[in-house]
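**Q** 3D model of this:
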Amino acid sequence: MSDNGGDNQLNKKSPQKPPRPPAPSTLSKLPRSGSIQKHMEALQGLKPERIRWFVKEDKKWLPLNGSDSLAVEKCFREMLELESKAEDEPKVVNSSSPYKMPTIKGGLYEVDVVARKCKPIYWKGNSISVCRGTWFTGTSSTDAWQPLSEEDANQIEESHQTMWRAMGIPVGPVETGSERQGIGRLTLKGFYVEWNDIADVWLYWDDVKSRIIRNVSERIGLSSGPASQLHRGFHTDAEPDDRPPDISHLVFVVHGIGQLLHMSNIVKSCTDLRQGAATVLNKQQDISQDQRIEFVPVEWRSSLKLDEGTIDRVTPSSMSGLRKLLNTSMMDVMYYTSPYYRNEIIDGVRDEMNRLYAMFCARNPDFSERNGKVSIVAHSLGSVIAYDILTLWDTELRHLSHDSTTGTGFLTESVAFMRCVTEQSPLVDESDVAAETDTAQKQKENLRIELAKSRSRVMQLEAMLSRAEVQEHGTDSANDDCPYALRFKVTNLFCVGSPLAAFLALRGIRPQDDVEDNVLPKSVCKRVMNIYHPADPVAYRLEPLLSEDYVAIPPAQLPRYDSKQGTDGRPSKTRASASCTDVQSATMHMLTDGASVTSPKRTGWLASLFGSASKPMSSSASSQESEETLETDGAKKDEPAKNAEHITVPAKVLKERLDFTLREGYMEYNYWSAVTSHVTYWNSCDVARFILEHCLDTGEGEGASEDPLLE
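**A** Next up, the predicted model:
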């Protein structure tokens, strides 16, 4: 009985069921250890923000900003998705694909993701390689991180995923006795990779030199030799806000002579100017960081076929190198002084700027809505061409407002003659001319008036032809009434190393009462500024051409890019607050302290060998200087009063300063610097700062340009 009872009790006790696992929603909320979480993240694909695209410059990979990298990665993933949907079709091998090529580097380059190349948009240039970075070599210094090649990175990523998925959840290095061994190894061409942990990956070079160092290190008990730590994913996540501000001021950079010698000259110069502007923005925090200025090169010479090779055919074969140098450089000046080719050059430069502006607005449609401004930086002969483009436009606008039949063709006559032709009145003042030459002078001026009318007729015919071509092609143009117009108003014209004053003087421009209003194209360009190096043999001053009194007034000197002073020596924040009432005192200050804006005197055997920037002193000046050294302190106090007696304030004060000069270096001499000074503007941060201050809004009010001597 007892046995049966015991059996019944055992039968009544059924085995307990295991607990039911939690629901998936609850399981996902369970805490995980750090190693497990780290392991799971390592087995997932890299997110777009962890991937960084690079561009190769100067044999080094440079990372793109976050916004550009995300745009290129988005295009890359769209490409993979489209190719996966069309597996039966041949793989895309060129850029003629349905992908929209993203733009990088401030909108100046577009990327061909398939070819892994980026090319410039606004100028002709070589393509630059781009790379998709997923695995990187580097140390604790994040600036030195460099991406592995995509082929090697893909193999490392595949081995990484395969190895850790096969090992499961446990992570950590394998300990064998007292020695620590790697979990896995992958051998590639020239190096091999070892995994010590899921995030502890090292690259060892496998060349002969590295092998010798590794063997020596192991024998003396050191580590396994030189190695580089590998990182999966970039050290900083890409953010859409990591991008430069929108372009608020577009600057066209026009080259001068010699562009055919090196096709990339103006592109290199524009790059140097862009880098100088970046250096200034890093130094000068007063300049607004919410605005952006962009430089676009205007390469106009290579597209012009002026003489169809006639000059080359008539060039002797002797001294071919020197003759080729002259034909590709100085011949541009002769072409421009020829009436036969001058208009072709002007039309070519104007059309190229209009084309670039239309292309820029097509890619930046909100530029005009944000009241974006445009300026021109023109070098050497390019400044003369840019000035003539603006002058033709300005002259045409003035004539269209009155009577287009009385306009002059090209600004080759003096301003007085332009007014004479417009008003159809005699040019010569009879009171200043002798009676015996009056008749001959009038006949000559009548011939000039007839010539000007003929040129005006040619302009009308060209305008009619332009309208006919526009109607034939069915295109609309906002400048039909003025065929010489640009598609944008110019805020500033920076003439750099410019011979413009010499060209105007040869055209008959002379200092007169209203020459400033007639010579400067105010209706289409807000301001003209002439920047030159004191030793530049090609540059000339503009101010003495408009007012003879400015011969004695030195040009304003550009401040150093890292100084807090403005162009006039005052702090940059208060530079624009001076009013026109200070013109006379400012003129006296510049006349008395004129030596402060000129180069210092140099003495010694170096100065006698290379020449000094200062003019040689006469015997009277040297004797006067020796007498001044013997004066007492009381006599020295009277010097300002004596000097003030000889100060002459200009009878005609210009509305704005035009001439600005660079500072000469301490070891810089005129004859030595004349060789390189004509091209030194592009590398000058002082010039870059001057352009930035006049192009970017400083928030100092609209009266910044009203002071003629302190601006």
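**Q** got a list of what Lys105 touches?
**A** Val55, Leu64, Asp68, Cys118 (Cβ atoms under 8 Å, 6 or more residues apart in numbering). C-betas here are computed from N, CA, C, even on glycine.
**Q** repeat the analysis, applying 10 Å as the threshold.
**A** Lys105 sits next to Val55, Glu57, Leu62, Leu64, Asn65, Asp68, Val111, Cys118, Pro120, Ile121, Ile128, Pro244 when contact means Cβ atoms under 10 Å, 6 or more residues apart in numbering.
**Q** measure the second one to Gly372 for me?
**A** Meaning Glu57. 28 Å (Cβ to Cβ, to the nearest Å).
**Q** ok, now the last one?
**A** Using Cβ to Cβ, one obtains 15 Å as the distance from Pro244 to Gly372.
**Q** who's more crowded, the two?
**A** Legend: neighbour count by other Cβ atoms under 10 Å for Pro244 and Gly372, higher for Gly372 (17 against 14).
**Q** contacting residues for the more buried one?
**A** Asp246, Ile247, Ser248, His249, Leu250, Phe360, Cys361, Asn364, Asp366, Phe488.
**Q** name the member of these with the most neighbours.
**A** Leu250 (24 neighbours).
**Q** walk me through the domains of this protein.
**A** 52-132, 134-172+180-242, 249-308+321-403+483-609+652-705 (automatic domain parsing).
**Q** what's the mean pLDDT across the shortest one?
**A** With pLDDT averaged residue by residue, domain 52-132 scores 86.
**Q** ok, the last one next?
**A** Averaged over domain 249-308+321-403+483-609+652-705, pLDDT sits at 80.
**Q** go on, stretch 183-201?
**A** 85.
**Q** just the buried positions in it, please.
**A** Ile183, Gly184, Leu186, Leu188, Phe191, Val193, Glu194, Trp195, Asn196, Ile198, Val201 (16 or more other Cβ atoms under 10 Å).
**Q** so the last one sits against Tyr192, correct?
**A** The one in question is Val201. No: taking contacts as Cβ atoms under 10 Å, Val201 lies outside contact range of Tyr192: 11.4 Å.
**Q** now do the shared contacts for these two.
**A** By Cβ under 10 Å, 6+ apart, the residues touching both Val201 and Tyr192 are Leu186.
**Q** now render the contacts of Gly372 as TSV, adding distance to Gly258 and secondary structure.
**A** As requested, the contacts of Gly372 are exported to TSV (distance: Cβ to Cβ, whole Å; DSSP: H, G, I helix; E, B strand; the rest coil):
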residue	distance to Gly258	secondary structure
Asp246	35	coil
Ile247	29	coil
Ser248	32	coil
His249	28	strand
Leu250	25	strand
Phe360	26	helix
Cys361	31	helix
Asn364	32	coil
Asp366	37	coil
Phe488	27	coil
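**Q** distance to Lys652 added to the residues you listed, as a markdown table?
**A** Below are the contacts of Gly372 laid out as a markdown table (distance: Cβ to Cβ, whole Å):
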| residue | distance to Lys652 |
| --- | --- |
| Asp246 | 42 |
| Ile247 | 39 |
| Ser248 | 36 |
| His249 | 32 |
| Leu250 | 35 |
| Phe360 | 40 |
| Cys361 | 41 |
| Asn364 | 43 |
| Asp366 | 44 |
| Phe488 | 32 |
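**Q** and which of those is nearest Ser288?
**A** Ser288 lies nearest to Ser248 out of the contacts of Gly372, by Cβ to Cβ, at 8.9 Å.
**Q** show me the contacts for the nearest residue to that closest one once chain neighbours are set aside.
**A** Closest residue to Ser248 apart from its sequence neighbours, by Cβ to Cβ, 6 or more residues apart in numbering: Gln291 at 4.2 Å. Applying Cβ under 10 Å, 6+ apart, we find Gln291 in contact with Pro245, Asp246, Ile247, Ser248, His249, Leu281, Leu692, Cys695, Leu696, Asp697, Thr698.
**Q** and which of those is nearest to Ala440?
**A** Closest to Ala440 out of these is Cys695 (51.0 Å), distances taken as Cβ to Cβ.
**Q** distance of the closest one relative to Val296?
**A** From Cys695 to Val296 the distance is 13 Å (Cβ to Cβ).
**Q** list residues touching both of these two?
**A** Here Cys695 and Val296 have Leu250, Val251, Val374 as joint contacts, going by Cβ under 10 Å, 6+ apart.
**Q** which element is the second one on?
**A** By that I understand Val251. Assigned by DSSP states H and E, Val251 belongs to strand 249-254.
**Q** mind giving me the packing neighbours of that strand?
**A** helix 265-283, strand 293-298, helix 339-363, strand 373-379, helix 381-400, strand 490-496, helix 685-695 (3 or more Cβ pairs under 10 Å, 6 or more residues apart in numbering; DSSP states H and E).
**Q** let's see it at 7 Å
**A** Applying 3 or more Cβ pairs under 7 Å, 6 or more residues apart in numbering; DSSP states H and E, one finds that strand 249-254 contacts helix 265-283, strand 293-298, helix 339-363, strand 373-379, helix 381-400.
**Q** would you turn these into CSV with distance to Ser84?
**A** Listed next are the helices and strands packed on strand 249-254 as CSV, based on distance: least, Cβ to Cβ, whole Å:
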stretch, distance to Ser84
helix 265-283, 39
strand 293-298, 38
helix 339-363, 30
strand 373-379, 45
helix 381-400, 51
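**Q** which one of these is the most hemmed in?
**A** Burial of these is given as mean neighbour count (mean count of other Cβ atoms under 10 Å); strand 373-379 ranks first at a mean of 25.
**Q** got a list of contacts for that strand?
**A** 249-256, 386, 488, 490-497, 681, 691, 695 (Cβ atoms under 7 Å, 6 or more residues apart in numbering).
**Q** which among those residues count as buried?
**A** The buried subset of these - by 16+ other Cβ under 10 Å - is 249-256, 386, 488, 490-497, 681, 691, 695.
**Q** could you check how far the residue nearest to Trp135 when sequence neighbours are not counted is from Arg52?
**A** Leaving out its chain neighbours, the residue that sits closest to Trp135 by Cβ to Cβ, 6+ apart is Ala153, at 4.3 Å. Distance, Ala153 to Arg52, by Cβ to Cβ: 12 Å.
**Q** now the strands for the stretch 151-300 of the chain?
**A** Assigned by DSSP state E, counting those that start in this stretch, the stretch 151-300 of the chain shows strands spanning 174-176, 179-181, 184-188, 191-197, 200-205, 227-232, 249-254, 293-298.
**Q** of Ala153 and Arg52, who's got more company?
**A** Arg52 (29 against 19).
**Q** please name the nearest non-neighbouring residue to that one.
**A** Leaving aside its sequence neighbours, Arg52 sits nearest to Phe234 (Cβ to Cβ, 6+ apart; 3.9 Å).
**Q** re the thing from before, strand partners (parallel or antiparallel) of the strand holding Val251?
**A** Applying DSSP bridges, strand 249-254 is found paired with strand 293-298 (parallel), strand 373-379 (parallel).
**Q** just want the angle from the first one to helix 265-283.
**A** Between the direction of strand 293-298 and that of helix 265-283, the angle (axes from the mean of the first three to the mean of the last three Cα atoms, to 10 degrees) works out to 170 degrees.
**Q** neighbouring contacts of strand 293-298?
**A** By Cβ under 7 Å, 6+ apart, strand 293-298 touches 106, 122-123, 247, 249-254, 266-267, 270, 273-274, 277, 349, 352-353, 356, 692, 695-696.
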